[in-house]
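Chemist: can't give you the sequence, but here's the structure:
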């Protein structure tokens, strides 16, 4: 099945978008594979941003480099833009992850311990393809498109730093996408309201009283206290969380003790809490603190709680979502566009910062294909995606952008 040919009608003489995209596909895929072979972590995207900047410059865009350390911004001014014309931002993240790739593919990561395991190589190549497409159509554009190639999405606040450096000044709307290995290729997910969860971290430092493991009555065991806290945290979700307000609390690490026969003095846990509204986000952080300190005190110990704010929830504007939805239907057909709660994910993304700055829409493009081995979850050492999804992403972005600028 050629997913580029799915749509609501045949291509007219005035609509050469699909054929123009087809011409870009070989270079887009080759560039994505080059990025995959040369992954760079947050704020280390020197090679990646250098290539992006050179390509944007060759397309005639106004280019800024060194934005948020290693970010790139490219501005394409439409040939028919008048004073006061709208500007749309298209965002793509560039950073890789500290994961050792185990895929057996020709374009496997050449850097030990670093891997594009979340699709950011694809996002970067897709955005560059859209820039090439619009460069060809620059004379007919009635507005401007600003391409944001963002560093450090993976927990390093790259979006927030770009905002502080003024990249959204004069921008009227923003769109972006995430390739998803959880959704089959050929599908597009777009939904108004919250779509990606907020992500906050916390550290629970439990203090007890050390002693001999053979005489626990003489000690206050911080490991046992920690076990009770972990169990109690899960009851927050099962007994205090509304089934209509999904949230997640997970403990990711626990560290305590050095010997089998010694009760340690302290234990430390680290975890994350995910939510889709600011009210829920604040509630769960408050209740984690209350519960952890209360359980520890009741068992004769104490618990210090430190919370670390992560990305907000990604919340899509209704009008921008409608615009992207129409573009998705025109690209893949109404039967392949998902708008239910299935679009939502408890993953997080700092695209949320851009969505808070101006009205916008963050949508997902299915990239799962088990026959091609593209079915492993994001952040997995075998993660990959079906590259057929890339042309779909380009088409939805392009249609949405052109409709926004009309």
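Modeler: Everything's here; your move. Keep in mind the model is a prediction, meaning the values are calculated, not measured. Residues are numbered from 1 along each chain as shown.
Chemist: ok, now how distant is the most centrally placed residue in the chain from residue 238?
Modeler: What sits nearest the mean C-alpha location of the chain, by C-alpha atoms, centre = their mean, is residue 349, with 3.6 Å. Computed as C-beta to C-beta, to the nearest Å, the residue 349 to residue 238 distance reads 27 Å. Backbone N, C-alpha and C define where each C-beta goes, glycine included.
Chemist: and the helix or strand where residue 233 lies, what's buried?
Modeler: Residue 233 belongs to helix 222-235 when assigned by DSSP states H and E. Counting neighbours by 16 or more other C-beta atoms under 10 Å, one finds that the buried residues in helix 222-235 are 222, 224, 225, 226, 228, 229, 230, 233.
Chemist: report the spatially nearest residue to the second one, omitting neighbours in sequence.
Modeler: The reference is to residue 224. Computed as C-beta to C-beta, 6 or more residues apart in numbering, the closest residue to residue 224 that is not its neighbour in sequence is residue 299, at 7.2 Å.
Chemist: any idea how far that neighbour lies from residue 226?
Modeler: 10 Å.
Chemist: next: residue 257.
Modeler: From residue 257 over to residue 226 the distance is 11 Å, taken as C-beta to C-beta.
Chemist: shared neighbours, the two?
Modeler: Contact with both residue 257 and residue 226 is made by residues residue 267, according to C-beta atoms under 8 Å, 6 or more residues apart in numbering.
Chemist: which residues touch residue 179?
Modeler: Shown in contact with residue 179 (C-beta under 8 Å, 6+ apart): 119, 122, 123, 364, 365, 367, 385, 389, 390, 393.
Chemist: so where is the stretch 1-150 of the chain shaky, pLDDT-wise?
Modeler: Within the stretch 1-150 of the chain, the stretches with pLDDT under 70 are 1-15.
Chemist: strands of that one, start to end?
Modeler: Assigned by DSSP state E, counting those that start in this stretch, the stretch 1-150 of the chain shows strands spanning 62-67, 71-77, 87-93, 144-150.
Chemist: same deal with the stretch 251-400 of the chain?
Modeler: Remark: strands assigned in the stretch 251-400 of the chain by DSSP E, counting those that start in this stretch are 262-263, 266-275, 302-308, 314-316, 337-338, 360-368.
Chemist: in PyMOL, how would I select just the buried ones from the contacts of residue 179?
Modeler: Per 16+ other C-beta under 10 Å, the buried members of the contacts of residue 179 correspond to this PyMOL selection:
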select buried, resi 119+122+123+364+365+367+385+389+390+393
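Chemist: what about the contacts of residue 179, which are in helices?
Modeler: Among those, the members falling in helices (DSSP state H) are 122, 123, 389, 390, 393.
Chemist: residue 29 is in contact with the fourth one, correct?
Modeler: Put plainly, it is residue 390. Yes - the pair residue 390 / residue 29 is scored as a contact, 6.8 Å apart, by C-beta atoms under 8 Å.
Chemist: need the residues touching each of the two.
Modeler: Common contacts of residue 390 and residue 29 (C-beta under 8 Å, 6+ apart): residue 125.
Chemist: burial of residue 244, as a residue count?
Modeler: Around residue 244 sit 5 other residues, with neighbours defined as other C-beta atoms under 10 Å.
Chemist: quick one: it and residue 234, what's the gap?
Modeler: Residue 244 sits 19 Å away from residue 234, taking C-beta to C-beta as the criterion.
Chemist: again with residue 366
Modeler: Distance from residue 366 to residue 234, by C-beta to C-beta: 32 Å.
Chemist: show me what counts as buried in the lengthiest strand in the chain.
Modeler: Counting by DSSP state E, the longest strand found in the chain is strand 173-184. Under the neighbour-count criterion of 16+ other C-beta under 10 Å, strand 173-184 has 173, 174, 175, 176, 177, 178, 179, 180, 181, 183, 184 buried.
Chemist: now swap in stretch 126-135 and tell me
Modeler: If you call a residue buried by 16+ other C-beta under 10 Å, then stretch 126-135 has these buried ones: 126, 127, 128, 129, 130, 131, 132, 133, 134, 135.
Chemist: and stretch 91-101, by the same measure?
Modeler: 91, 92, 93, 94, 95, 96, 97, 99, 101.
Chemist: widest-spaced pair of those?
Modeler: Within the buried residues of stretch 91-101, 91 and 101 form the most distant pair, 25.2 Å apart (C-beta to C-beta).
Chemist: how many neighbours does the nearest residue in space to residue 72 that is not next to it in sequence have?
Modeler: Using C-beta to C-beta, 6+ apart and skipping residues adjacent in sequence, the residue nearest residue 72 is residue 149, 4.2 Å away. Neighbour count for residue 149, taken as other C-beta under 10 Å: 29.
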